[in-house]
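Participant: Take this sequence and fold it.
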Amino acid sequence: MNPRILYLIASFLLAGCAGVKHEIAESSARNMEFQLHEAGFKILLADTKERQDLLTKLPPSKVTRLPLGGTVYFMYPDPVVCSCLYVGREQEMMKLQKLAVDMQRSNQNLLIHEIGENEQAQWGPSGPWGNNGISAFTNPNSMGRPAYDPE
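Facilitator: As a prediction, the model looks like this:
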C-alpha cells in the first residue's frame, strides 16, 4: 500500500482520537461545573494577572485546598470550558462531597435497575438478540432464544 495513504489514514485516526479525548474532557468539566454550582461555589473569571496565575499553577480539573489569611478556600481551576476559577469555603466543599456521594448512589441505583429490567426481560449481555460473536456458531442457543425453545 502507498505510504502516503497510510500516513493520511493514520493522521485522520489520530485527529479523531484527539477530538474524542477533548469531548470527554469537556463533558467531564461541564459535569464538575454543574456540581460546583449546585454546591454554591462562586465563579471568578481569570481576568486579572493573579487569577491567571492561579488558573495555570493549580492542578487542572481538581479541587485544591488553599489557606489564605486565616480562611480556608477550595479552588477548582477550569481552563477547558470557561477559563475561570470556582471558589468555595468549607461549607461549599462539604456540599460538593455530599453531591458526589449522592450522584454515585444514584448511578449505582440506575445501573441496578437496568440490570434488573434486563434480567426480567431475559436479555443477555448482548441484548435481546443474543451474542453475535464466535459463540453464535458453537452454541445453538446463542441467538437470544429462551432456554425452553425446542430447537
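
Participant: Check which helices and strands the longest strand along the chain sits against.
Facilitator: Secondary structure of the chain per DSSP state E: the longest strand is strand 71-78. Applying 3 or more Cβ pairs under 8 Å, 6 or more residues apart in numbering; DSSP states H and E, one finds that strand 71-78 contacts helix 3-39, helix 49-57, strand 64-68, strand 84-88, helix 90-120. The way it works is simple: take the backbone N, C-alpha and C, and place the C-beta from them, glycine included.

Participant: Confidence-wise, which of the ones you listed is weakest overall?
Facilitator: With a mean of 67, helix 3-39 has the lowest mean pLDDT of the helices and strands packed on strand 71-78.

Participant: Quick check: neighbours of the next helix or strand after that one in the sheet, parallel or antiparallel?
Facilitator: Downstream of helix 3-39, the first helix or strand assigned by DSSP states H and E is strand 42-45. Strand 42-45 pairs in its sheet with strand 84-88 (antiparallel), by DSSP bridges.

Participant: export the partner strand as CSV, just CAs?
Facilitator: Only the C-alpha atoms of strand 84-88 are listed here, as CSV (Å, rounded to 0.1, in the frame of the first residue of the first chain):
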residue,chain,number,x,y,z
CYS,A,84,-12.3,30.6,35.3
LEU,A,85,-11.8,29.6,39.0
TYR,A,86,-14.6,28.1,41.1
VAL,A,87,-14.1,29.2,44.7
GLY,A,88,-15.8,27.9,47.8
